[in-house]
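Peer 1: Compute the structure for the input listed below.
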Amino acid sequence: MKEKEQFKHLYQLYLNNLCNAEELKQFFELLNRNRDDQEISAMLSDTWDRTDLTPETGLVPTFIDQPLKTVKLTPIRRSVFGLRRFMTAAAVLLVLTGIYFYRADIAKVFNPVAKAQLFSSAGERKQIRLADGTKVWLSRNSKLSYPDKFEGPDRQVSLEGEAFFEVTHDSSHPFIIKSGAVSTTVLGTSFNVSAYKQQHTINVTLVTGKVTVALNGQNNTKRDTIVANQQLIVDKITSSITKLNYPDAAAFLNRRLGLYEYRGAALQEVQQDLENQYNIKIELGPGLAAATFYGNLNMTDALHETLNKLCTVMETKWKKDGGHYELIK
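Peer 2: I've put the predicted structure just below:
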């Protein structure tokens, strides 16, 4: 029997719940092998078009002529297919008073979850709304990896760099941000994550809600939780987590737009922000390491404009030396 004819035969058995374990295994193997076949796709599409869109209500597809019988799943000892693999394949069917045709699971074969990435260069900031409604403001020189749709028990993305998140609340599906060995888990809140690869720390600053941060080590996992106006600093070198009160957390609402406000911040902190936002290296001249800065910087401006404003306030000068910059008195 040719492969396509065999698939059609098994498909009819599948629709009528007449497949045994071996036939069910063959059906899914052929389904995966022929996912790009137009004739098979058209046949499945025609079936789907005649299937009710809400299988979770227990409705039986109207196109099945033979009445479905209640099937009791009983344990089997061992087979070539195996009980676990049989149950995994059978999960595609909706088990209520029987095992029904469940179109959504077959659709996954032909419409799998696609991975996407959003990049921002040293000269741009970007904003995106994810499939669940979560809003993300991506800072300069950053990358966000995310699925085009969320499936499964959680909503997971990956971040390199810095971003501000407004997560849509969903208590049944936690939102997880992966940054190397660090995971930030939330249900619905607004916060900022700074996780640049060149930094030895990852900072999570919470504006509203509640966040749990976990550091996955070789032998154990360290985790801590913060609430609004607190910050967690994860040191990747020492594998430690530090919790701080951060009363100015609301400032990150402006930072997501590139507007940075400093109220007596160490110049080294400003230096690090400039390096991250513009993807450059800056050295502080003698006597500047202990200096503090009061003022606002717009990180969406051209680099020379931002440096000029900083130096005017600090009564310093800047110069470019090869591939890096230096602030001097």
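Peer 1: Tell me where the model's unsure across the stretch 1-150 of the chain.
Peer 2: Across the stretch 1-150 of the chain, residues meeting the criterion (pLDDT under 70) sit at 1, 15-17, 19, 21, 35-36, 38, 41-111.
Peer 1: and the longest strand for this protein?
Peer 2: Counting residues, the longest strand found in the chain (DSSP state E) is strand 155-166.
Peer 1: pLDDT averaged over it, what's the number?
Peer 2: For strand 155-166, the mean per-residue pLDDT is 96.
Peer 1: And it, what does it pack against?
Peer 2: Strand 155-166 is packed against strand 135-138, strand 142-147, strand 175-179, strand 190-195, helix 252-255, with contacts defined by 3 or more CB pairs under 8 Å, 6 or more residues apart in numbering; DSSP states H and E. Any C-beta I mention is one placed from the backbone N, CA and C, and that applies to glycine too.
Peer 1: Could you tell me the angle between that strand and strand 175-179?
Peer 2: Inter-element angle recorded for strand 155-166 and strand 175-179: 90 degrees (by axes from the mean of the first three to the mean of the last three CA atoms, to 10 degrees).
Peer 1: Please state the offset of strand 155-166 from the chain centre?
Peer 2: Chain-centre distance of strand 155-166: 7 Å, with CA atoms, centre = their mean, to the nearest Å.
Peer 1: likewise stretch 256-266?
Peer 2: In terms of CA atoms, centre = their mean, the centre of stretch 256-266 is found 27 Å from the chain centre.
Peer 1: Export it to CSV, keeping only CA atoms.
Peer 2: C-alpha atoms of stretch 256-266 as CSV (Å, rounded to 0.1, in the frame of the first residue of the first chain):
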residue,chain,number,x,y,z
ARG,A,256,12.0,52.6,29.4
LEU,A,257,11.7,55.7,27.1
GLY,A,258,15.4,56.5,27.4
LEU,A,259,15.0,59.3,30.0
TYR,A,260,17.5,58.7,32.9
GLU,A,261,17.2,60.7,36.1
TYR,A,262,20.1,60.7,38.6
ARG,A,263,19.8,62.0,42.2
GLY,A,264,23.3,61.9,43.6
ALA,A,265,24.3,58.6,41.7
ALA,A,266,27.9,57.5,41.7
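Peer 1: list the buried ones in that stretch?
Peer 2: 256, 257, 258, 260, 262, 265 (16 or more other CB atoms under 10 Å).
Peer 1: And for stretch 154-164?
Peer 2: Using 16+ other CB under 10 Å as the test for burial, stretch 154-164 gives 155, 156, 157, 158, 159, 160, 161, 162, 163, 164.
Peer 1: Serialize these to CSV and add fields for distance to residue 290.
Peer 2: Rendered in CSV, the data for these read as follows (distance: CB to CB, whole Å):
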residue, distance to residue 290
155, 43
156, 42
157, 38
158, 37
159, 32
160, 31
161, 28
162, 26
163, 31
164, 30
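Peer 1: Out of the residues you listed, flag the one nearest to residue 143.
Peer 2: Of all those, residue 160 has the smallest distance to residue 143: 4.5 Å, by CB to CB.
Peer 1: you'd agree the closest one is up against residue 194?
Peer 2: No: in this structure, residue 160 is not within contact of residue 194 by CB atoms under 8 Å, at 10.8 Å.
Peer 1: Which element, helix or strand, includes residue 257?
Peer 2: For residue 257, there is no enclosing helix or strand under DSSP states H and E.
Peer 1: What sits closest to residue 124 if chain neighbours are left out?
Peer 2: residue 140 (6.5 Å; CB to CB, 6 or more residues apart in numbering).
Peer 1: That neighbour - how many residues pack around it?
Peer 2: Counted with other CB atoms under 10 Å, the neighbours of residue 140 add up to 20.
Peer 1: That one in helix, strand or coil?
Peer 2: On the three-state scheme (DSSP: H, G, I helix; E, B strand; the rest coil), residue 140 is labelled coil.
Peer 1: residues contacting it?
Peer 2: Counting by CB atoms under 8 Å, 6 or more residues apart in numbering, residue 140 touches 120-125, 161, 258, 276-279, 299.
Peer 1: and residue 294, what does it touch?
Peer 2: By CB under 8 Å, 6+ apart, the residues touching residue 294 are 262, 263, 264, 313.
Peer 1: could I have the strand or helix carrying it exported to CSV, CA atoms only?
Peer 2: According to DSSP H and E, residue 294 maps onto strand 292-298. C-alpha atoms of strand 292-298 as CSV (Å, rounded to 0.1, in the frame of the first residue of the first chain):
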residue,chain,number,x,y,z
THR,A,292,28.4,61.9,42.2
PHE,A,293,26.0,63.2,39.5
TYR,A,294,22.7,65.0,39.8
GLY,A,295,20.7,65.5,36.6
ASN,A,296,18.8,64.0,33.7
LEU,A,297,20.3,62.4,30.5
ASN,A,298,18.3,61.5,27.4
